[in-house]
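> Here is a sequence with its predicted model. Questions after.
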Amino acid sequence: MARDLTPGSGVRRGRLRVYLGSAPGVGKTYRMLDEARRRRQRGADVVVGYIECHGRHHTEGMLAGLEVVPRLHRPHRGAQFEEMDLDAVLARRPSVVLVDELAHTNVPGGRNAKRWQDVEELLAAGIDVITTVNIQHLESLNDVVRKITGIPQRETVPDEVVRRADQIELVDMAPQALRRRMAHGNVYRAEKVDAALSNYFRVGNLTALRELALLWVAGRVDEGLRDYRAGHGIDRVWETRERVVVALTGGPEGETIIRRAARIADRTAGGELLAVHVTRSDGLAGASSGALAQQRQLVETLGGSYHVVVGDDIPTALLAFARAHDATQLVLGTSRRGRTSRFLTGPGIGETTVDASEDIDVHMVTHEFTGRGRLPSLGRRHSRRRTVLGYAAGFVMPWLLTALLSQAHHRINLTTDTLVFQLGVVIVALLGGAMSALVAALIASVLLNYYFIPPLHSLTIGETNNIVALVVFAAIALAVSTVVDHAGRLTTRAARATAEAETLSTLAGSVLRGADAVPALLEKSRTAFGMRAVALLSRGDGEVLAHCDGGDPAGKPAAPPTGHPYAHPHPTAPTPPPTAPPAAPPTGHPEPADRPDETTEVPVGADAVMVLTGRRLPAADQRVLTAFAAHVAAALERDRLALAAAEVEPIKAADRMRTALLAAVGHDLRTPLAAARASVGSLRSSDVEFSPEDQAELLATADESLVKLTRLVDNLLDMSRLQAGALTLHLTEIHLDEVLPRALDSLPGPYPPSRPGDLAVDLGGGAPPVLADPPLLERVLANVIANALRHNAPGAPVLVTASHHADRVEIRVVDRGPGIAPEDRDRVFLPFQRLGDTDNTTGVGLGLALSRGLAEAMGGSLEVEDTPGGGTTMLLTLPAATPEEPPA
C-alpha cells in the first residue's frame, strides 16, 4: 500500500506503529524490539534511536545485533542527561527507527520540547517509526488517570498523534500477572517493589487502567470500521456492537421506554444506549422542554447519551440517525392516538418506522398512555371569550354581509357576492379558528343560495353552473379558513416559543452570573409566571429549603399553603404581602384578577417539590415550569455535590500533607538524628580515646544536628497549628530594629552572614512600629532572609528595607539571584517545595510556606515581586501600629 506524500514535499511520509501499554511493565519495549528483530531478519534497515531498558536484563538482551544510534548528552541544571540524537538519525536515514517513550519531555536546549515532535520530523522525512506509550500518558485521559491512581501525569501526548498512527497494537497483561512480574524483580529494582505494589500497582488501579486501554483501542477500531464502511459505500448495519437507540417525544411515556431500552442495552457487555429527540426544522414542535430535560437526565444517569436531530420526516430522521451510529435496535413507544384518530390520519410514526427499518430491529413498547390521545384539533385553543366571540361572528357575519350585498345587488354580480362571503369566512377564521369559520361557511352557503342565486328566495338552484359555483365556494371557504387557522396557530406557537426561549435564556444567564443558583431560580420563577411567592420544600419533612416572595430572599421563609401535603407549622414564617405587583409573564398572560390565591406544585427531583402561590397557571405555563424545576433540581444537586466536595477537601488536604510530609521529611529527620547518634555514640565508646578537640567537635556536631532537628519539628508543629487554626497569637507593638537583630542571630546553617557585605539593612531613617507577634515575626524574617542569602548572586548584598504606607508597613527583602518565573510564584509558598533546588540538605521546603501562613495569621501578607535588574523581592506587609499621618 502506497504511503501518503508529506505536504509540500515529494517525500513519502513514514508509517507509524504504536505499541500502547495498559500499564508500565507489560512488555511494550520488549515487543517493539521483537518486531525490530523480525524486520531485520527480513532485510529491513532498522536502527535504535532511543530505547529505555530500565535495567531489565531480558529487554537489554533483545538489543543484541541491532544498530544503536549514539545518544546525545545534554547538560541541565548541573547534571548530564541523555536524549535521542535526532539529527544523527536523520543523517543516517534508516528504513525503520525505534523510539521508546513517545510522551517523554526532552531536556531544554533542543529544537523540540516533546519526543513525539521528534517522531513527527522522522515521519516527515520518510522514515518508519515504531514507538511505545502507556495509556496514562494520553492527554484526554490525564484527569481520569489522576482520579484513579492519585498521581498526576506530567508527561502527556495528544491523542491525535496516536490516533494518526498506521497501526496501534495493545500490549496487555492481567493485573495479577503484572504484579507477579514485579514481585519477581522483572519490572523495578527490589527496593522499589514493595512501594510500587502498595501504591500505583494495586489490583484496582491496574484493572481500571486496563479497561481504559481496552475501551480506547476499541473506539479506535470502531473509527476504522466506520471509515472502511464509508469508503466502500456500505450502508447496511454491521452488528459488531450492540447499540440501542430510543426515540423520545417528550411525552409522559418517556421514562418507561428509556428504562426498557436501558435493560435491552444491558443484556450484552459493552452495549450502548443512545436517546434521540427529533425536532421540526421550524422549531415549533410542541414537545415539553421540561419533560425532555428530565428524560435527558434519566438517560445520562443510566449511562447513555442524549442527542437532538432536526427533521420534518420523523421516521426517516430516526432511521438515518440509527444507521449513522451503527445501531442494532430502535425502541419506540406505542402511539398515544386512539383508533378513531389513527383511522382519520393514517399510519403513525411507529408503523412507518417499522416498514422502513430493514435490518434494524424495532421494539414497540407499550405503556399506560397507549390509545389515550385525543382527536386532532381542528382549531386553535383560544380563551373562552375568544371562542364565544368567534362563533358569534360565524353566525352574525354572513347575515351582515347579506344585508350589505342586498342593497347593492343590482350593481354587482354573483362573482363579487361569492368573493365577499369568502372574505367574511377568512375574517371569522382569524377571529375564532377553523370551527367557527366552518359554521360561517355553511351559513354563508345557504344565504348565498337563498338571496343571490336564481331563483331568488328559494333554496332551489336552477342552473348547473350555479351549483358548481356554490360547491366551489364552500370548498374554498373551508380550505382557506383551515389554512388561515393553521397559519395563526403557527404564529401563536412561534410567539410562545420565542417568549419561552427568552425566559429560559434569561434564566440560564441569571444562574450563571449568580453565586447562589437556587434563590435566583426561584426569583425567576416567581417573576416569569407572575406569582406572589415561591417555596422549595423537602418531600420528607416539609422543611423550607428556599423561598422567594418578592422581598429579601435571605429573610424568613414563606410558609407553604395551609393543607399542603408537605406543609408543617412554621409559626415564624408567615407569607408577607407582595411589596410590588407581580411581573406579567412573558407569554402574553393578562394580569391576575383579585381572587383567592391558588397553589401550583411541581416535583424537583426525588426529594423536593416547588410550590408557587398566586394565580392559576394554564397547562402551557406548567410545561415551561417543568423546565424551571429541572434547573432547580440540577442546582440542588450541584450544591449538594459542592457541599460534599467541601467536606472532603480538608480530608484530602490532610492526606496530601501527610503524603508530602512522609516523602519530604524522611531524609531530613534521619540525617540530624544519625549525625547526633553517631557523635554521642562515638563519645560513649570506650574503644577510642578522643582528644579534647575531637570531643568538642563531636559535641558541636551533635548540638548542631539537634538544633536542626528542633527547628524542623517546630516548623512542622507550627504548620499543623496553622492548618488546624490553633495557632495562638499575642499581637503587640514592636519596632523592626528590635526584632531584626534577633532574626539575624537565629539564621540557620552558615548564617548569619560571615562577610559584612552579604547583608544591607535600610529602615528609612527610622524603624516604623508594626503590630505583630514578636517571636513569629522573628521567624518570618529569619526564613525570608535565609532564603534570599541562599539564592543571592555572589558579591551582591541582600537588601532589607522598610517603608510606611497609610496603615501598613512594607518590608522588602531584595536579592540578586536567578529570580522566580511568574507561573512558579505561587508554588514557592506550597509546603515541601524546593523550587529549583538540588541540595536536599537545606530543609524540607517549609520555610516560605510557614512564613506566609504566619504573616497572614498576623493580618499581613507575603508576596513575590521581581527585582529591577534581576532577582527576587519578597514583600512582607504588616499592619502598622500607628497609621501614617497625612501630609499637611
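Received, thanks.

> From here on, just use CA atoms for contacts and neighbour counts.
Noted.

> middle-most residue in this structure, spatially?
Computing the C-alpha centroid of the chain and ranking residues by CA atoms, centre = their mean puts residue 143 first, at 11.4 Å.

> in the stretch 601-750 of the chain, which segments are predicted with low confidence?
Scanning the stretch 601-750 of the chain for pLDDT under 70 picks out the ranges 618-623, 650, 652-671, 711-712, 715-727, 746, 748-750.

> helix/strand/coil for residue 244?
Using DSSP: H, G, I helix; E, B strand; the rest coil as the criterion, the local structure at residue 244 reads strand.

> wait, it sits on residue 331?
Yes: counting by CA atoms under 8 Å, residue 244 sits close enough to residue 331 to count as a contact (7.3 Å).

> Can you check which residues contact both of the two?
Common contacts of residue 244 and residue 331 (CA atoms under 8 Å, 6 or more residues apart in numbering): residue 261.

> Looking at the two, which one has more neighbours?
Taking other CA atoms under 10 Å, residue 244 and residue 331 do not tie; residue 244 has more neighbours (29 against 23).

> Who are the contact partners of residue 50?
68-69, 71, 83-84, 98-100.

> Among these, which ones are in strands?
Taking DSSP state E as the definition of strands, the contacts of residue 50 contribute 68, 83, 98-99.

> How many residues are close by residue 268?
The number of residues packed near residue 268 is 12, by other CA under 10 Å.

> pretty sure it is in a helix, no?
No: assessed with three-state DSSP, residue 268 is coil; it does not lie in a helix.

> and it, how far is that from residue 359?
Between residue 268 and residue 359 the distance, using CA to CA, to the nearest Å, works out to 19 Å.

> Residue 149 too?
Counting by CA to CA, the separation of residue 149 from residue 359 is 44 Å.

> do the same with residue 97
47 Å.

> These two: which is more packed in?
Neighbours were tallied for residue 97 and for residue 359 using other CA under 10 Å; the higher tally belongs to residue 97 (27 against 14).

> quick one: that one and residue 44 touch, right?
No: under the criterion of CA under 8 Å, residue 97 makes no contact with residue 44, lying 10.5 Å away.

> Only the buried subset of the contacts of residue 50, as a PyMOL command please.
In PyMOL syntax, the buried subset of the contacts of residue 50 is picked out as below (16 or more other CA atoms under 10 Å):
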select buried, resi 68+69+71+83+84+98+99+100
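
> Now pLDDT and distance to residue 870 too, for the contacts of residue 50, in CSV please.
What follows is these, written out as CSV (pLDDT from 0 to 100; distance: CA to CA, whole Å):
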residue, pLDDT, distance to residue 870
68, 93, 44
69, 93, 41
71, 91, 36
83, 91, 31
84, 93, 34
98, 95, 44
99, 95, 40
100, 93, 40
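
> for the contacts of residue 50, which one is nearest residue 821?
The shortest distance between residue 821 and any of the contacts of residue 50, using CA to CA, involves residue 83 and amounts to 25.6 Å.

> what residues are up against the closest one?
Residues touching residue 83, when contacts are defined by CA under 8 Å, 6+ apart, comprise 50, 71-74, 106-107.

> now swap in residue 612 and tell me
Residues counted as contacts of residue 612 (CA under 8 Å, 6+ apart) are 526, 531-535, 599-601.

> Likewise for residue 525?
Residue 525 makes contacts with 531, 534, 625, 628, as judged by CA under 8 Å, 6+ apart.

> And the pLDDT at it?
Looking at residue 525, its pLDDT is 76.

> Can you give me the distance of it to residue 599?
Per CA to CA, residue 525 is found 14 Å from residue 599.

> same thing with residue 129?
Between residue 129 and residue 599 the distance, using CA to CA, works out to 71 Å.

> Can you tell me what sits against stretch 195-204?
Looking at what lies outside stretch 195-204 - CA under 8 Å, 6+ apart - the contacts are 149, 175-176, 179, 182, 206.

> Could I get the buried residue list for it?
Within stretch 195-204, the residues that count as buried by 16+ other CA under 10 Å are 200-201, 203.

> Identify, from those residues, the entry nearest to residue 805.
The shortest separation between residue 805 and any of those is 52.3 Å, and it belongs to residue 200 (by CA to CA).

> Okay, that closest one and residue 179: tell me how far apart.
Using CA to CA, one obtains 11 Å as the distance from residue 200 to residue 179.

> and if you look at residue 156?
Distance, residue 156 to residue 179, by CA to CA: 25 Å.

> again with residue 154
Shown here: residue 154 relative to residue 179, a distance of 24 Å by CA to CA.

> Between those two, which is the more surrounded one?
Each of residue 154 and residue 179 had its neighbours counted (other CA under 10 Å), and the higher figure belongs to residue 179 (22 against 12).

> tell me the contacts of the more buried one?
Residues in contact with residue 179 (CA under 8 Å, 6+ apart) are 197, 201.

> Give the helix, strand or coil label for it.
From three-state DSSP, the assignment for residue 179 is helix.

> Can you read off the pLDDT for it?
The model's pLDDT for residue 179 equals 88.

> circling back to that earlier point, farthest-separated two in the contacts of residue 612?
Spatial extent of these (CA to CA) is set by the pair 532 and 601 at 13.8 Å.

> If you count surrounding residues, which of those two has more?
Neighbours were tallied for residue 532 and for residue 601 using other CA under 10 Å; the higher tally belongs to residue 532 (24 against 18).

> Now that one: closest residue in space, sequence neighbours ignored.
Leaving aside its sequence neighbours, residue 532 sits nearest to residue 614 (CA to CA, 6 or more residues apart in numbering; 5.0 Å).

> Tell me who's in contact with the one you found.
Applying CA under 8 Å, 6+ apart to residue 614 gives the contacts 530-533, 597-599.

> Could I have the PyMOL command that selects the buried members from those?
Buried residues within these, by 16+ other CA under 10 Å, are selected in PyMOL with:
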select buried, resi 530+531+532+533+599
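
> how about the contacts of residue 614 in TSV, adding distance to residue 411, secondary structure and pLDDT?
Conversion of the contacts of residue 614 to TSV gives the following (distance: CA to CA, whole Å; DSSP: H, G, I helix; E, B strand; the rest coil; pLDDT from 0 to 100):
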residue	distance to residue 411	secondary structure	pLDDT
530	56	coil	75
531	59	coil	81
532	62	coil	82
533	65	strand	86
597	60	coil	69
598	60	strand	77
599	62	strand	80
